[in-house]
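**Student:** Here's a sequence, model it:
(one chain, ligands or ions: 1)
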Amino acid sequence: MAAKLAVHQHGKSRVRLGRTWIEGSVHHFVEWKVQSMLESNMEHAFLTSSNKGMTATDTQKNTVYYVAKKCSQRCSAEEYAIELAKHFVSEYPLVSRAKVWVEEAPWKRVDVQGQPHNHGFCKNGSEVKSVYVSFAEGKGIEKLTTGVQDLTVLKTTQSGYEGFLKDKYTILKDTNERIVATSITATWRYSGELKSCKEYDRAFNDVKKTLMLKFYGPPDKGVYSPSVQYTLFEMGKAAIQAVPEVESIYLNLPNLHFLPCTPVTSKFENDVYIATSEPHGNIEAVITCADAQPHAKL
Ligand SMILES: O=c1[nH]c(=O)c2[nH]c(=O)[nH]c2[nH]1
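**Tutor:** As a prediction, the model looks like this:
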């Protein structure tokens, strides 16, 4: 049977860097893990022994640092990813599309003696900001998404799950009182480029704040969740309504179960749980503005 090279790409993964920007006495800091992937007319590297015209993955790695240096003003992970992807397409004639992923570690400016520190940071929380850009020759930015991974959240009440199908395989009982815990992965697509680092930060923080509000509800009373599915849609819908630049959002919410525990000689009184991480439920959906195309998980 004849065989052909159907698709191909090559890139560099897990290139890690730190970047500081100094504005007067205030320092800014980010840590990024970058992946690049190039689509190109370099079939010959797969089909023959020639590497002519090839942008080596080592060169891609060096370019990750070079473009970070070139971003002389404080910039967002989105702006950096756009610059890097543009660079590959404009610099190399054989490259037709560059795809760039950036994961930003959760370093936050630290407060000391009640004040934001000029140059001190601490890792706050588990969540990682994730950015994806696809930039093609003749088309420019084709896709720009931002998101969070590993945003781990829990509430001890105001959650239940009732009325589901019961058959001979079912053991789970209806409940209107349970712990709900999840580790949120979200990616959302912007309708286009935003204007500045501040705009990207504002949009990111507004989406995150909205997701949190819909998961937890107001601080005093919370909000009842009849299922992870219902809460997921409420979260996505609210993000789209709160941040006009967002036209599509993908949400994945694993249901990390805390199971009722009945220690010997006692009964369960919503107090002791068996903590588990597997197996876990897995609920996901894409929510869009009424007329927008959904985007796939990236
Ligand atoms: O919110 C939930 N959604 C489900 O689909 C499901 N399935 C399950 O066993 N528990 C839950 N909880």
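**Student:** The stretch 151-298 of the chain: helices as residue ranges?
**Tutor:** Here the stretch 151-298 of the chain has its helices, by DSSP state H, counting those that start in this stretch, at 197-216, 228-242.
**Student:** Now mean neighbour count, mean pLDDT and distance to Phe164 too, for those, in JSON lines please.
**Tutor:** C-beta: built from backbone N, CA, C; applies to glycine. Shown next, in JSON lines, are the helices of the stretch 151-298 of the chain (neighbours: other C-beta atoms under 10 Å; pLDDT from 0 to 100; distance: least, C-beta to C-beta, whole Å):
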{"stretch": "helix 197-216", "mean neighbour count": "18", "mean pLDDT": "97", "distance to Phe164": "21"}
{"stretch": "helix 228-242", "mean neighbour count": "19", "mean pLDDT": "98", "distance to Phe164": "11"}
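**Student:** Which one, of those helices, ends up nearest to the ligand?
**Tutor:** Smallest distance to the ligand across those (C-beta to the nearest ligand atom): 3.6 Å, for helix 228-242.
**Student:** near the ligand at all, that closest one?
**Tutor:** Yes. Counting by C-beta under 6 Å from any ligand atom, the ligand is contacted by helix 228-242 at Val228, Gln229.
**Student:** helices or strands next to that helix in the packing?
**Tutor:** Packing partners of helix 228-242 (3 or more C-beta pairs under 8 Å, 6 or more residues apart in numbering; DSSP states H and E): strand 180-190, helix 197-216, strand 246-255, strand 281-288.
**Student:** among those, which is nearest Glu234?
**Tutor:** helix 197-216 (4.8 Å; C-beta to C-beta).
**Student:** Mind telling me which residue of the stretch 1-150 of the chain is nearest the ligand?
**Tutor:** Closest point on the stretch 1-150 of the chain to the ligand, by C-beta to the nearest ligand atom, is Asp150, at 20.0 Å.
**Student:** how many other residues sit next to the closest residue to that residue other than its chain neighbours?
**Tutor:** Nearest non-adjacent residue to Asp150, counting by C-beta to C-beta, 6 or more residues apart in numbering: Ser126, 4.8 Å away. For Ser126, the count of nearby residues is 11 (other C-beta atoms under 10 Å).
**Student:** what's the distance between Ser126 and Trp21?
**Tutor:** 25 Å (C-beta to C-beta, to the nearest Å).
**Student:** what residues does the protein put near the ligand?
**Tutor:** Counting by C-beta under 6 Å from any ligand atom, the chain comes close to the ligand at Tyr161, Leu172, Ser227, Val228, Gln229, Asn255, Gly281.
**Student:** so the fifth one touches Ile283, yeah?
**Tutor:** Yes. Taking C-beta atoms under 8 Å as the definition, Gln229 is a contact partner of Ile283 at 5.6 Å.
**Student:** Please report phi then psi for Ala56.
**Tutor:** Phi and psi for Ala56, reported as degrees, to the nearest 10, are phi -60, psi 150.
**Student:** Read off the pLDDT value for it.
**Tutor:** As predicted, Ala56 sits at a pLDDT of 97.
**Student:** Count the residues that sit near it.
**Tutor:** Neighbours of Ala56 under the rule other C-beta under 10 Å: 11.
**Student:** swap in Val133?
**Tutor:** Residues contacting Val133 under the criterion other C-beta under 10 Å number 26.
**Student:** That one against Arg97, yeah?
**Tutor:** No. In this structure, Val133 is not within contact of Arg97 by C-beta under 8 Å, at 10.7 Å.
**Student:** what kind of secondary structure is the closest residue to Asn51 other than its chain neighbours in?
**Tutor:** Spatial nearest neighbour of Asn51, excluding adjacent residues (C-beta to C-beta, 6+ apart): Ala45 at 5.4 Å. Classification of Ala45 using DSSP: H, G, I helix; E, B strand; the rest coil returns helix.
**Student:** In contact with Ala45, which residues?
**Tutor:** For Ala45, the contact set (C-beta atoms under 8 Å, 6 or more residues apart in numbering) comprises His10, Asn51, Met54.
**Student:** Thr276 reaches Cys261, doesn't it?
**Tutor:** No. Thr276 is not in contact with Cys261 according to C-beta under 8 Å; the separation is 10.9 Å.
**Student:** All good on my end, thank you.
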